[in-house]
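Engineer: Below is the sequence, then the predicted model.
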Amino acid sequence: MPDTILMEAEERMEHSINALHKEFSTVRSGRANPKMLERVVVDYYGVQTPINQISSVQVPEGNQIFIKPYDKSLLSQIERAIFAANLGVTPINDGIGIRIVLPPLTEENRKDSVKIIHKLAEENKVAIRNIRRDAISALKKMEKDKQLTEDDLHYYEDECQKLTDKFIQKIEEVFHDKEKDIMSI
């Protein structure tokens, strides 16, 4: 039973790391990346729909993104949604699709992006610690219910802390990799 608690905690921590990767992919790092549009949603017949579900998103050049909707009547709605998402880019509607030319990142923009990813990393560290807290409280409840000895409780608490340290280290590595990617010219 305590092993199950640790396995569930590890699985939740792994999900947190995967979510961090996904969040980091939406932060601009100098090159055009279609994932930066994942948070942009368009009103499609009354339903808020992500851009990648109603159009093809391509990167024809290193600093451009081209969005070609499956239904051309959505061009103006996609353009408005990109403006509303406040991505710091100007979409260009050419009648066939929408082209986004990404300006080169300035030093100030790079530092702002690093602040954003630092905040995301810190939020995920807090999530990892909350998972540890939940696991330890479940283990203490088992000890209180006499399903676990005090020595076993200490052992499993140490294992839980080792697991937490491992995932906090992973977050640090992911953060430093993304920071290096953003700050490189």
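Structural biologist: Sure thing, it's come through. What you are looking at is a predicted structure, and each value in this text was computed from that prediction instead of being measured.
Engineer: could you point out which element follows the longest helix seen in the chain?
Structural biologist: Across the chain, the helix with the greatest residue count (assigned by DSSP state H) is helix 107-144. Going down the chain from helix 107-144, the next helix or strand is helix 150-183, by DSSP states H and E.
Engineer: Just give the closest residue to the spatially most central residue of the chain, not the sequence neighbours.
Structural biologist: Centroid-nearest residue in the chain: residue 23, 1.5 Å away (criterion: C-alpha atoms, centre = their mean). Leaving aside its chain neighbours, residue 23 sits nearest to residue 120 (5.1 Å; criterion: C-beta to C-beta, 6 or more residues apart in numbering). C-beta coordinates here come from the backbone N, C-alpha and C atoms, glycine included.
Engineer: chain center to the strand ranked longest in the chain, what's the gap?
Structural biologist: Assignment by DSSP state E gives strand 64-69 as the longest strand of the chain. Distance of strand 64-69 from its chain centroid, counting by C-alpha atoms, centre = their mean, to the nearest Å, is 22 Å.
Engineer: how far away is residue 183 from residue 144?
Structural biologist: Here residue 183 is placed at a distance of 49 Å from residue 144 (C-beta to C-beta, to the nearest Å).
Engineer: More neighbours: which of the two?
Structural biologist: The residue with more neighbours, out of residue 183 and residue 144, is residue 183; 15 against 10, by other C-beta atoms under 10 Å.
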